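K.L.:
next comes the sequence, and after it the predicted model I'd like to discuss.
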Amino acid sequence: MLLKAVFAGFIVAVPIGAVGALCLRRVFQGRWLLAIVAGLGAAAADSILAAAAVFGLSLVTHFLVDNPGPVRLVGGLFLVGLGVQMIRKREISLSDAPKPMSEELRRWWKMVRALSTGFILTIVNPATFFAFVGVFAGFGLFGAQPLGGLTSALIVAGVLVGSMLWWITLTVVTSAVRRYAPLRIVAIVNTVLGLIVLGIGLAALVSFVQLTL
């Protein structure tokens, strides 16, 4: 059951969306620790949504499902601004090389921002909740009998571990590729990732307009 939950958390986290694009950009800038922290925020949100699927919690999911307009408007504006910022800051210099761990840890506000960004972008996406429902059902984690408290807690913990395994894998692989990528290629990748985030934000705004018409 625990292994299935780990695999479920890994699978749901794999699709490259806004959080994935942000993590990739940070790794290409040499800020791999911030990418891990953003992934941790996304993994924490994944575990909350997994708990909602397992325990039948409705506080978060009902709000997201019953109020799609405000969620898409706020999320869309946030992502559009984020995408534009990513494109504007696509160029990096040698000074953006990886910094010592001790220096990065002194900038707690950056860590908090990375953590909260990964968390918010994941928690406001109702598709993640339904993805967990589908994956859990496919893996047989929803049995005929109600799950016990310990089993449910193990499933949620497994999702957290599986999601973090994906973000660590993504960061390590991208960091290895970055070592051999010239700065011009890094700038192009940053632009593409910014366009992805911008496109997701514009799609959310278009969806909001369609809902209000």
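P.N.:
Yes, it's here.

K.L.:
buried residues, stretch 155-175. List them.
P.N.:
155-167, 170-171, 174 (16 or more other Cβ atoms under 10 Å). C-beta: built from backbone N, CA, C; applies to glycine.

K.L.:
scratch that, stretch 107-114
P.N.:
For stretch 107-114, burial by neighbour count (16+ other Cβ under 10 Å) applies to 111, 114.

K.L.:
give the rounded mean pLDDT of it.
P.N.:
Across stretch 107-114, pLDDT averages out at 82.

K.L.:
residue contacts, residue 203?
P.N.:
For residue 203, the contact set (Cβ atoms under 8 Å, 6 or more residues apart in numbering) comprises residue 76.

K.L.:
on the three-state scheme, it is what?
P.N.:
State at residue 203, reduced to three classes by DSSP: H, G, I helix; E, B strand; the rest coil: helix.

K.L.:
now residue 133
P.N.:
helix.

K.L.:
what number of residues lie near it?
P.N.:
18 (other Cβ atoms under 10 Å).

K.L.:
what of residue 69?
P.N.:
13.

K.L.:
start the count at 793 instead of 1 going forward.
P.N.:
Sure, I'll start numbering at 793, so the last one becomes residue 861.

K.L.:
that one is in what secondary structure piece?
P.N.:
Element membership for residue 861, per DSSP states H and E: helix 860-880.

K.L.:
which strands or helices does that helix pack on?
P.N.:
With contacts taken as 3 or more Cβ pairs under 8 Å, 6 or more residues apart in numbering; DSSP states H and E, helix 860-880 sits against helix 810-820, helix 900-915, helix 975-1004.

K.L.:
which helices and strands does the second one pack with?
P.N.:
Under the contact criterion of 3+ Cβ pairs under 8 Å, 6+ apart, the helices and strands touching helix 900-915 comprise helix 810-820, helix 824-847, helix 860-880.

K.L.:
out of those helices, the one nearest residue 980 is which?
P.N.:
Among these, helix 810-820 comes nearest to residue 980, with 10.1 Å by Cβ to Cβ.

K.L.:
please state the offset of that closest one from the chain centre?
P.N.:
Averaged C-alpha coordinates place helix 810-820 at 9 Å from its chain's average position (Cα atoms, centre = their mean, to the nearest Å).

K.L.:
helices and strands of the protein: which one bottoms out on pLDDT?
P.N.:
Least confident helix or strand, the chain: helix 893-897 with a mean of 54, by mean pLDDT, DSSP states H and E.

K.L.:
once you drop chain neighbours, what's closest to residue 836?
P.N.:
Spatial nearest neighbour of residue 836, chain neighbours left out: residue 911 (5.7 Å); criterion: Cβ to Cβ, 6 or more residues apart in numbering.
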